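Q: Show me the folded form of this:
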Amino acid sequence: MKRYGKRIIETLVLVCALLLAALTAAAPGQAADIPIRQIDPITLQPRGEARALVIVCDFADVKYRSDRISDEELERDLFGTGTADLYPYVCLTMYFENASYGALHMDGDVYHYTLSGNIADYENSDQDFEKFVTEVLNGLDDTIDYRKYDADRDGYIDVLSMSIPTGGDAEFWYGCTATWESDPLKLDGEKLWHYVINDEQPYADTLDYYLGTLAHEYGHCMGLSDYYEYGKDEDWQATTGDAGLERMDESGGDFCPYSKLMVGWYGKENIQCYDWAKGGTQVFTLKDDSTDPSVLLLPSAESCDLFSEYFTVDYITPRANFATLFDEGGVRLYHVDSELGTYDDGTDYLLYDGFSPDYDSTGKGRRLIRLVNNGKGFYTEGDTIDCSASGFAWYDESGKETVDTGYTVHVDSIDETARTCTVSVTRK
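A: This next block holds a predicted model:
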């Protein structure tokens, strides 16, 4: 079983996924400009319409408290009018509208199901949810038309999440995204791939955590990795401070530029790249990436290859999914190492994904993303970022950030009225 986030990846799953991709390369939603599908071809579609199925489950012996949010209210809070208490997100639908710049519209429904057995009956040493999932989906087969939840008509349910009440083995029922491995279920002709186990509780005082966990896990369903440091009980966040808020790290704020590049939320017109051939000092104007897609890439080679080592530069303000989370915002830089490895069978994987065989569990080596000047906030007008800045270096052969990038970035101006930022980049 494949668990993300709170996740486990097995090579066989990737192999099967990529073989399926080869067979379904022309299927709807398999667009070449969604880079992450080179790694995970059968993802929740990050653009267009998506239909989410949420099932609130309980067991013969373990139930929710009597003050659980009703299915109708939870559906409203996730996919309807939402609630002002969750501002700035209001609801899951609005969160993804903001994150994708309007590219992804997510709708959904909430159902309830009580399993026939006690919660321990579905726990096993293999951490396999499939007995549990099978009973729930078969039990609701007469109630739900599963074809409704395949908006892109690729033959797979877009996204399924199943809520679990507190009371079982917490090490088994932790929040994660898993992948179906057994023979396909017969779900009105639909198959299941990624699905979410949500251990957050649907009560009024925990609804923000419930929504935030779904946003994080749905990121996994779109193929995104965790960015936090695995194996740590403390200080596990990889990107910290106001500038480091990231949905796939500590599950706060919005998705970072690397995430949005991978799922295709930037169009070609939204991506600028330092031109090595031109050289010298180049001036770039960035829009407020909180609401208007805009990112600058500083490549480590002549081409701006998204599956390589590079820096992203963007300018954000406390708007949309960042509203109320910090005061002013500014410029931030991420160090990305999105290089690919290849298994013996020829399939690709991200070298520095948390479950890659090349992952550095110490947290001190190469990582998918790091934040320049981590924990120290944003850069603002007049600031210069050069080799003296913490984390502004390429990796050396031992995985340490020691190699001078050759770049100097200067924040020339920030126009708070127009919500634009001008930066000058020089490469020696």
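
Q: going forward, measure contacts and count neighbours with C-alpha atoms only.
A: Will do.

Q: Do a quick rundown of the strands in the stretch 151-300 of the chain.
A: If you assign secondary structure with DSSP state E, counting those that start in this stretch, the strands in the stretch 151-300 of the chain sit at 159-163, 176-179, 194-198, 271-273, 280-287, 295-299.

Q: for the last one, what is the average pLDDT?
A: Per-residue confidence for strand 295-299 averages out to 98 on the pLDDT scale.

Q: Any buried residues in it, and which?
A: Residues of strand 295-299 classed as buried: Val295, Leu296, Leu297, Leu298, Pro299 (neighbour count, 16 or more other C-alpha atoms under 10 Å).

Q: I'd like to check which residues are in contact with the closest residue to the fourth one other than its chain neighbours.
A: The one in question is Leu298. With C-alpha to C-alpha, 6 or more residues apart in numbering as the criterion, Leu298 has its nearest non-adjacent residue at 5.0 Å, and that residue is Phe311. If you count contacts by C-alpha atoms under 8 Å, 6 or more residues apart in numbering, Phe311 has them with Leu297, Leu298, Pro299, Leu333, Tyr334, His335, Val336.

Q: Okay, the second one and Val336: tell me how far apart.
A: Spelled out, it's Leu298. Leu298 sits 10 Å away from Val336, taking C-alpha to C-alpha, to the nearest Å as the criterion.

Q: list residues touching both of these two?
A: When C-alpha under 8 Å, 6+ apart defines a contact, the residues bordering Leu298 and Val336 alike are Tyr310, Phe311, Thr312.

Q: ok, so of those, who is nearest Cys221?
A: Distance from Cys221 was checked for each of the shared contacts of Leu298 and Val336 by C-alpha to C-alpha. The minimum falls on Thr312, at 23.5 Å.

Q: thinking again about what came up before, can you list the strands of the stretch 151-300 of the chain in JSON lines and add distance to Tyr407?
A: Supplementary listing: the strands of the stretch 151-300 of the chain in JSON lines, determined by distance: least, C-alpha to C-alpha, whole Å:
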{"stretch": "strand 159-163", "distance to Tyr407": "42"}
{"stretch": "strand 176-179", "distance to Tyr407": "38"}
{"stretch": "strand 194-198", "distance to Tyr407": "40"}
{"stretch": "strand 271-273", "distance to Tyr407": "13"}
{"stretch": "strand 280-287", "distance to Tyr407": "10"}
{"stretch": "strand 295-299", "distance to Tyr407": "8"}
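
Q: Among those strands, which comes closest to Val62?
A: That would be, of the strands of the stretch 151-300 of the chain and by C-alpha to C-alpha, strand 159-163, which comes in at 12.5 Å.

Q: Name the residues of the helix or strand containing Thr134 that are buried.
A: When elements are assigned from DSSP states H and E, Thr134 belongs to helix 130-139. In terms of neighbour count (16+ other C-alpha under 10 Å), helix 130-139 has its buried residues at Glu130, Phe132, Val133, Val136, Leu137.

Q: And for stretch 202-211?
A: Applying 16+ other C-alpha under 10 Å to stretch 202-211 flags Pro202, Tyr203, Leu207, Asp208, Tyr209, Tyr210, Leu211 as buried.
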